[in-house]
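Novice: attaching a predicted model along with its sequence, questions to come.
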Amino acid sequence: MKKWDYIIVGAGPSGIFAALELKKLDDSCKILMLEKGNPIGKRTCPKRTTGKCVGCNPCNITTGFAGAGAWSDGKLSLSEEVGGNLPSYIGREETKKLIEYVDKLYIKFGADKKVYGMDESEGIKSIRKKAIESNLNLIECPIRHMGTEVGNTIYAELQKHLQEIGVELSFRNPVKDILIEKGTIRGVVADKEHYADKVVVSVGREGSEWFKAICEKYEIDTEVGDVDIGVRVETRREITRELDENMYESKLVYYTPTFDDKVRTFCNNPGGEVSTEYYEDNLAVVNGHSYKSEEKKTKNTNFALLVTKHFTEPFNSPIAYGKHIAKLGNMLSGNKVIVQRYEDFRRGRRTTVQRLGRNNIVPTLADAVPGDLSLVLPYRIMKDIDEMIKALDNIVPGIASNGTLLYGVEVKFYSNRVKVGKNFETNISSLYALGDGAGITRGLMQASVNGVSFARQIME
Ligand SMILES: Cc1cc2nc3c(=O)[nH]c(=O)nc-3n(C[C@H](O)[C@H](O)[C@H](O)COP(=O)(O)OP(=O)(O)OC[C@H]3O[C@@H](n4cnc5c(N)ncnc54)[C@H](O)[C@@H]3O)c2cc1C
């Protein structure tokens, strides 16, 4: 019976950087990575060329080597304030130190050396002033932009490197169950039973529902997390140019006047495209990305507006809540993303093909269905989004214009927050949980840092 030192479930950034660091600290350790999706070279999405989703199972956008990172926009957030809750686990200073370390690794594997948002230009000062005047909180976060295509190449290099240093990678091999004996992990069940001293679950958002079921089955302690629900906004590049040129990724937070809810801008893609992301059961939700090269840029910019919802007793299923709302949208649109003009959103009427046809802004998501988001989103979320757009208009004049496009639903499922100790160990001995799937992180950088931090603590 072969026994591994470590089994890593899920080959996203958190799993990859855990393996990388474990091997760096002990090159003799034996690591098996089990991944539900394909190796990076086989992660092709037909929709990118044909515009039509053929429902690959598993989806090549969210599964496979590099996880959700492979086709992401590849924006590395270099501030510890962005991309997750890691500082509350390992401390602010340690997170900062590890961000620097991981950033250097991304550069070593091919990331662009340019960092956006570092200089204190007159432009940034003016944006900050306008933000304060409009009661918006500007979170300053330097960004290294890999871009989708370069990010993909970097992860391809990482895959090659892991194989060269002896990490065993097994693709199209989803883990179905875990093996526990007397409160200690023994291994996992995938194509067959695999045994290890330590098991790391780093399954991302894609695997969070599976992991939630595992937590329930084996009484792994969790706490109720948040869910972020909202829309993706699309406008012309001219409208957001000042923000984009000065900051690339402007993060603005607003506490809404009516409900005092937190709404934030997220994942800004100047010259980018709005995209559909499919989750289990073919659930279509909206996302966005942009290419690095100027030839591939569009005339539009897109970004998400997300309302953070935290639930209290007796409700404890934020993932199910988010999915329920997304399903409602899918039900009305024939399993697609809905697009609505801001004027129609405000007036409570459907965007029709005719209204969209004469719109100033042409949607980059060609198969989005013109519809009515008020039939999908709860009133509270509609109100929050509307108030945020009005506040944003003071900083980005024109964003509240009639033709601005809102796509729905955008949902971020990072809600099954697993209770872990400092080294990310769960209440099952030698079972560790990392990354987005454990509700710890929300972005590439913090997920990667989470992997490194785990490896260092375990090897201490
Ligand atoms: C379209 C898109 C754009 C994004 N853009 C950015 C960006 O620009 N900047 C940024 O910081 N973040 C971005 N993100 C978020 C970022 O990709 C994630 O935060 C990050 O990838 C999380 O890393 P992870 O390792 O925790 O999980 P993931 O990257 O999700 O990886 C988890 C892996 O586990 C696998 N898995 C799941 N269940 C199982 C199972 N049962 N058995 C085996 N394997 C399993 C999955 O197939 C997946 O490959 C984007 C995400 C998407 C979807």
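Specialist: In hand now; what should we look at? Residues are numbered from 1 along each chain as shown.

Novice: pLDDT (mean, whole number) over stretch 271-285?
Specialist: The average pLDDT within stretch 271-285 is 90.

Novice: that one close to the ligand?
Specialist: Yes. Residues of stretch 271-285 contacting the ligand under CB under 6 Å from any ligand atom: residue 277. (C-beta placed from N, C-alpha, C; glycine too.)

Novice: do stretch 133-152 as well
Specialist: No. Using CB under 6 Å from any ligand atom, stretch 133-152 stays clear of the ligand, coming no nearer than 8.0 Å.

Novice: how far does that stretch sit from the chain's center?
Specialist: Taking the mean C-alpha point of stretch 133-152 and that of its whole chain, the gap between them comes to 13 Å (CA atoms, centre = their mean, to the nearest Å).

Novice: how about stretch 1-21?
Specialist: Stretch 1-21 sits 21 Å away from the centroid of its parent chain (CA atoms, centre = their mean).

Novice: and for stretch 270-283?
Specialist: Relative to its parent chain, stretch 270-283 has a centroid offset of 11 Å by CA atoms, centre = their mean.

Novice: report the buried residues of it.
Specialist: Going by neighbour count (16 or more other CB atoms under 10 Å), the buried part of stretch 270-283 is 270-279, 283.

Novice: out of these, who's nearest residue 398?
Specialist: residue 270 (14.7 Å; CB to CB).

Novice: contacting residues for that closest one?
Specialist: Counting by CB atoms under 8 Å, 6 or more residues apart in numbering, residue 270 makes contact with 237, 240, 244, 248, 290, 297, 301.

Novice: who wins for most neighbours among these?
Specialist: Highest neighbour count within the contacts of residue 270: residue 301, with 28 neighbours (other CB atoms under 10 Å).

Novice: domain ranges for this structure, per the record?
Specialist: Using automatic domain parsing, the domain parsing of the chain gives 3-111+146-223+416-458, 226-412.

Novice: of all those domains, which lies closest to residue 119?
Specialist: Closest approach to residue 119 among those is made by domain 226-412 (8.8 Å; CB to CB).

Novice: show the end-to-end separation of the closest one, please.
Specialist: Using CA to CA, to the nearest Å, the end-to-end distance of domain 226-412 comes to 9 Å.

Novice: how far does that domain sit from its chain's centre?
Specialist: 15 Å.

Novice: need the domains of the chain in JSON lines with distance to residue 138, can you?
Specialist: Shown next, in JSON lines, are those (distance: least, CB to CB, whole Å):
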{"stretch": "domain 3-111+146-223+416-458", "distance to residue 138": "11"}
{"stretch": "domain 226-412", "distance to residue 138": "6"}
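
Novice: who wins for proximity to residue 117 among these?
Specialist: Nearest of these to residue 117, taken as CB to CB: domain 226-412 at 4.8 Å.

Novice: buried set for stretch 131-143?
Specialist: By neighbour count on 16+ other CB under 10 Å, the buried set for stretch 131-143 is 131, 136, 138-143.

Novice: of the residues you listed, which belong to helices?
Specialist: residue 131 (DSSP state H).

Novice: which single one of the buried residues of stretch 131-143 is nearest to the ligand?
Specialist: For the buried residues of stretch 131-143, the minimum distance to the ligand (CB to the nearest ligand atom) is 8.6 Å, reached by residue 143.

Novice: list the beta-bridge partners for the closest one.
Specialist: Note on residue 143: beta-bridge partners by DSSP bridges are residue 77, residue 116.

Novice: let me see the backbone angles for residue 194.
Specialist: Here is the backbone geometry of residue 194 (degrees, to the nearest 10): phi -120, psi 140.

Novice: oh, that last question was meant for residue 141, not what I typed.
Specialist: Dihedral angles phi and psi of residue 141 (degrees, to the nearest 10) take the values phi -140, psi 110.

Novice: residues contacting it?
Specialist: Residue 141 touches 77-79, 81-82, 117, 249, 251, counting by CB under 8 Å, 6+ apart.

Novice: try 6 Å this time
Specialist: By CB atoms under 6 Å, 6 or more residues apart in numbering, the residues touching residue 141 are 77, 79, 82, 251.

Novice: again with residue 385
Specialist: Shown in contact with residue 385 (CB under 6 Å, 6+ apart): 231, 305.

Novice: ok, now how distant is the closest residue to residue 42 other than its chain neighbours from residue 450?
Specialist: Distances taken as CB to CB, 6 or more residues apart in numbering place residue 64 nearest to residue 42, at 7.3 Å, with adjacent residues excluded. Here the distance between residue 64 and residue 450 works out to 20 Å (CB to CB, to the nearest Å).

Novice: residue 92 too?
Specialist: Using CB to CB, residue 92 is found at 15 Å from residue 450.

Novice: which of those two has more neighbours?
Specialist: residue 450 (31 against 12).

Novice: all strands of the stretch 1-150 of the chain, in order?
Specialist: Taking DSSP state E, counting those that start in this stretch, the strands of the stretch 1-150 of the chain run over residues 3-9, 31-34, 75-77, 115-116, 136-139, 143-145.

Novice: can you name the residue of the stretch 151-300 of the chain nearest the ligand?
Specialist: Closest point on the stretch 151-300 of the chain to the ligand, by CB to the nearest ligand atom, is residue 204, at 1.9 Å.

Novice: low-confidence regions, the stretch 351-460 of the chain specifically.
Specialist: 414-415 (pLDDT under 70).

Novice: and it, which residues reach the ligand?
Specialist: Applying CB under 6 Å from any ligand atom, one finds that the stretch 351-460 of the chain approaches the ligand through 435-437, 441-445, 447.

Novice: can you redo these as TSV with neighbour count and secondary structure?
Specialist: Shown next, in TSV, are these (neighbours: other CB atoms under 10 Å; DSSP: H, G, I helix; E, B strand; the rest coil):
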residue	neighbour count	secondary structure
435	36	coil
436	32	helix
437	31	helix
441	28	strand
442	22	coil
443	23	coil
444	29	helix
445	29	helix
447	32	helix
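
Novice: so where's this protein shaky on pLDDT?
Specialist: In the prediction, the chain carries residues with pLDDT under 70 at positions 248, 414-415.

Novice: that one: helices as residue ranges?
Specialist: Per DSSP H, the chain carries helices over the ranges 13-25, 47-50, 86-90, 92-108, 122-133, 148-164, 208-218, 237-247, 318-333, 342-347, 353-357, 379-392, 444-458.
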